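Student: what follows is a predicted protein model with its sequence.
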Amino acid sequence: MRTIRVETSAATILLTEAPEPKVRDRQTGEIAKDAVSGESLMTIGVVYIEEGESSLIKVTVPESGVSEGLALGSPVSLPRLAARPWESVFNGQQRHGIAYRAAAVTPAAFPAVVGASA
């Protein structure tokens with residue numbers, strides 16, 4: 001399936017779940033690896049806010065892309081964020097969704113409020 005780049009310049013993205021290893025197989029505890037580099041993958045939870053609407057999403061990032069200084073509730077940047085639609089059949093039921101992946105997760109600043117005075 002096609003990967004779609006997500007434009008984040010107009011969005012506020014807040015960290016809601018700390019980075020954790022992405023588990024490939026829940027029964028064995030095997031950690032997911034990048035298919036090309038072999039690097040371990042991590043997942044984070046964020047709230048993506050744009051134009052007055054918000055969504056809670058999970059984002060996969062390579063372990064080396066997880067920056068120091070991340071704090072829950074703080075704004076983050078997700079360089080090269082991309083979305084990939086997926087679908088599968090599990091126990092006879094068709095499932096589908098969108099998987100998000102970014103090159104990194106780094107601390108960011110809150111955007112300036114339009115019309116605010118100091």
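Tutor: Looks like it came in fine.
Student: which SS state does the residue nearest the centre of the chain fall under?
Tutor: Nearest to the mean C-alpha position of the chain, counting by Cα atoms, centre = their mean, stands Val59 at 2.0 Å. Following DSSP: H, G, I helix; E, B strand; the rest coil, Val59 is assigned to strand.
Student: I'd guessed it sits against Thr43; true?
Tutor: Yes: the pair Val59 / Thr43 is scored as a contact, 6.9 Å apart, by Cβ atoms under 8 Å. Quick note: C-beta positions are derived from backbone N, CA and C, even for glycine.
Student: show me where the protein dips below the pLDDT cut-off.
Tutor: Residues of the chain that meet the criterion pLDDT under 70 lie in 1, 112-118.
Student: switch the cut-off to 80
Tutor: Scanning the chain for pLDDT under 80 picks out 1, 110-118.
Student: all strands for it, in order.
Tutor: 4-5, 12-21, 23-25, 30-31, 41-50, 53-62, 76-77, 82-90, 93-101, 106-107 (DSSP state E).
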